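S.K.: model the structure of this input:
(chains A and B)
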Protein chains: 2
Amino acid sequence: MTRIRMTVEYDGSRYHGFQIQHNANTVQAELENGIKRLTGDQVSIICAGRTDSGVHALGQVIAFDTQTSIPGDKWQFALNSFLPPDIQIIESNECHPHFHPRFDALSKTYHYIIYRQNKGRIFYRNYALHNTDSLDVPAMQTACRLLEGRHNFKSFCASGSSVKTFERSVYGCNLVEEKAFLRLEIKADGFLYNMVRIIMGTLLEIGRGNYQPETIEEIITAQDRSYAGPTVPPQGLYLVKVEY
Amino acid sequence: MTRIRMTVEYDGSRYHGFQIQHNANTVQAELENGIKRLTGDQVSIICAGRTDSGVHALGQVIAFDTQTSIPGDKWQFALNSFLPPDIQIIESNECHPHFHPRFDALSKTYHYIIYRQNKGRIFYRNYALHNTDSLDVPAMQTACRLLEGRHNFKSFCASGSSVKTFERSVYGCNLVEEKAFLRLEIKADGFLYNMVRIIMGTLLEIGRGNYQPETIEEIITAQDRSYAGPTVPPQGLYLVKVEY
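M.R.: Below is the predicted model of the structure:
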């Protein structure tokens, strides 16, 4: 038995998220079906981050065990022809038999993209949030600075989440303006449920002048979801990188 | 009876081209259905350029006659809610009752986009040609210069086309490199069938070193489709602008 680790890109538009579900098209189901068609084996895939419906990945990491003799680095090419064009493996190798994509991750990086122009917006309907509000980007960038560091992010977690601790370390939080796009780049040791989408919704409130940047500190201190801004939609979110 | 002129954006991925066809999903059918749902009237739309299956538009121009009293500039907002999210009106107004989107056009501009990187390529599968060949971009740009001007473009026209004349004036032909993208921008008084896609295919042959840039002159002189390069696929092609 060998454990294979792969890096996967997918366009989440057509999928009900990563994790396998009854009667729903999911990324995990497509990957496991592809592996079954390639090898005949039914495997169980573990991923680094279970992305929601409509969320994309440029660097999802997965692992599974196999008895097949395909060399680790050949899996990429062998499997891609058994996958749909919106899910593709970009790297594969044999890994330590105890490697776990989620528990072993040191950090994850997510991006959230906003498209701020009317012209051409239909092309980004599945790939960005469309927002043409006039935004105070420097104020949003000031708020990003206040999110960095180790904090209790309970206010930025969807209510009902059953995690043990709401403490996370945000290693970097940057808002980059590039032509008609605004891109939030956030790297942390872990993320709470909907954390990036609630942070983005809160930054937009700051950009519109509804909150001052310093309000971030009050929101963190409150440890109450109702203090933060709304959850923005999933289509602008990308799991970009997982580091080990 | 008033004639309405509209500028339309569409993502051609899901459509069998612009023009109405039996048992096929087309942009024209969606527009005419939307107008019927909005007004109750069955209209016949004329467009500036009949795009093929998979081809996109950022500035297609259409016109139709209506007895409805909706003011010209209100059509945009009224109709958009009756259209799918991948077809949207970006401008509308009442026009001269004899305005014809195709015959009255002075020039059209098309873009063709190539994505030259492996990372992220799945996101461009419907929006660009994926090509990672090492290309001599300056040689391709030299060839662009030779395409400009009034020429007989029969060598760059799909065979079997039944047009009266193959003479066209190319007002501008530029190849722009921008990060991982290569974009051909071409403006002419008119285009032959598949002309942009055959020009792009020929430029790629020049970029690979298979033809010299000066070969363009021989291809034009030959007036024979077999002298030019292959027809590249439709998904990289955009009808960007029509001028009157």
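S.K.: residue numbers of chain A in contact with chain B?
M.R.: Residues of chain A lying close to chain B (Cβ under 8 Å from any Cβ of the partner chain) are A:9-11, A:56, A:58, A:85-88, A:90, A:118-123, A:125, A:127. (Each C-beta comes from the backbone N, C-alpha and C, glycine too.)
S.K.: any of those buried? List them.
M.R.: A:9-11, A:56, A:58, A:86-88, A:90, A:121-123, A:125, A:127 (16 or more other Cβ atoms under 10 Å in any protein chain shown).
S.K.: narrow those residues to those in helices?
M.R.: In helices, judged by DSSP state H, none of those are found.
S.K.: okay, these in JSON lines with pLDDT and distance to B:Val170 next?
M.R.: JSON lines is the format used below for those (pLDDT from 0 to 100; distance: Cβ to Cβ, whole Å):
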{"residue": "A:Glu9", "pLDDT": "98", "distance to B:Val170": "38"}
{"residue": "A:Tyr10", "pLDDT": "98", "distance to B:Val170": "40"}
{"residue": "A:Asp11", "pLDDT": "98", "distance to B:Val170": "35"}
{"residue": "A:His56", "pLDDT": "98", "distance to B:Val170": "38"}
{"residue": "A:Leu58", "pLDDT": "98", "distance to B:Val170": "38"}
{"residue": "A:Asp86", "pLDDT": "97", "distance to B:Val170": "36"}
{"residue": "A:Ile87", "pLDDT": "98", "distance to B:Val170": "40"}
{"residue": "A:Gln88", "pLDDT": "97", "distance to B:Val170": "37"}
{"residue": "A:Ile90", "pLDDT": "96", "distance to B:Val170": "39"}
{"residue": "A:Arg121", "pLDDT": "95", "distance to B:Val170": "30"}
{"residue": "A:Ile122", "pLDDT": "97", "distance to B:Val170": "28"}
{"residue": "A:Phe123", "pLDDT": "97", "distance to B:Val170": "26"}
{"residue": "A:Arg125", "pLDDT": "97", "distance to B:Val170": "33"}
{"residue": "A:Tyr127", "pLDDT": "98", "distance to B:Val170": "33"}
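S.K.: got those as JSON lines, with distance to A:Ala228 columns?
M.R.: Listed next are those as JSON lines, based on distance: Cβ to Cβ, whole Å:
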{"residue": "A:Glu9", "distance to A:Ala228": "30"}
{"residue": "A:Tyr10", "distance to A:Ala228": "28"}
{"residue": "A:Asp11", "distance to A:Ala228": "29"}
{"residue": "A:His56", "distance to A:Ala228": "23"}
{"residue": "A:Leu58", "distance to A:Ala228": "26"}
{"residue": "A:Asp86", "distance to A:Ala228": "32"}
{"residue": "A:Ile87", "distance to A:Ala228": "32"}
{"residue": "A:Gln88", "distance to A:Ala228": "35"}
{"residue": "A:Ile90", "distance to A:Ala228": "34"}
{"residue": "A:Arg121", "distance to A:Ala228": "27"}
{"residue": "A:Ile122", "distance to A:Ala228": "30"}
{"residue": "A:Phe123", "distance to A:Ala228": "30"}
{"residue": "A:Arg125", "distance to A:Ala228": "26"}
{"residue": "A:Tyr127", "distance to A:Ala228": "25"}
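S.K.: flag every buried residue along stretch A:56-64.
M.R.: Quick answer for stretch A:56-64 (16+ other Cβ under 10 Å): A:56-64.
S.K.: residues contacting A:Ser44?
M.R.: Neighbouring residues of A:Ser44 by Cβ atoms under 8 Å, 6 or more residues apart in numbering or on different chains: A:32, A:64.
S.K.: and it, helix, strand or coil?
M.R.: Under DSSP: H, G, I helix; E, B strand; the rest coil, A:Ser44 falls in the coil class.
S.K.: A:Ile114 now?
M.R.: With three-state DSSP as the criterion, A:Ile114 reads strand.
S.K.: now do the strands in chain A.
M.R.: In chain A, the strands defined using DSSP state E lie at A:2-10, A:46-47, A:56-66, A:87-95, A:107-115, A:129-130, A:149-152, A:167-178, A:181-188, A:237-243.
S.K.: Serialize these to JSON lines and add fields for distance to A:Gln223.
M.R.: What follows is these, written out as JSON lines (distance: least, Cβ to Cβ, whole Å):
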{"stretch": "strand A:2-10", "distance to A:Gln223": "34"}
{"stretch": "strand A:46-47", "distance to A:Gln223": "29"}
{"stretch": "strand A:56-66", "distance to A:Gln223": "30"}
{"stretch": "strand A:87-95", "distance to A:Gln223": "37"}
{"stretch": "strand A:107-115", "distance to A:Gln223": "22"}
{"stretch": "strand A:129-130", "distance to A:Gln223": "26"}
{"stretch": "strand A:149-152", "distance to A:Gln223": "6"}
{"stretch": "strand A:167-178", "distance to A:Gln223": "11"}
{"stretch": "strand A:181-188", "distance to A:Gln223": "17"}
{"stretch": "strand A:237-243", "distance to A:Gln223": "24"}
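S.K.: state the distance from the closest residue to A:Leu129 other than its chain neighbours to B:Gly12.
M.R.: Once flanking residues are discounted, A:Leu129 sits nearest to A:Gly236: 4.2 Å by Cβ to Cβ, 6 or more residues apart in numbering or on different chains. The spacing between A:Gly236 and B:Gly12, counted by Cβ to Cβ, to the nearest Å, is 23 Å.
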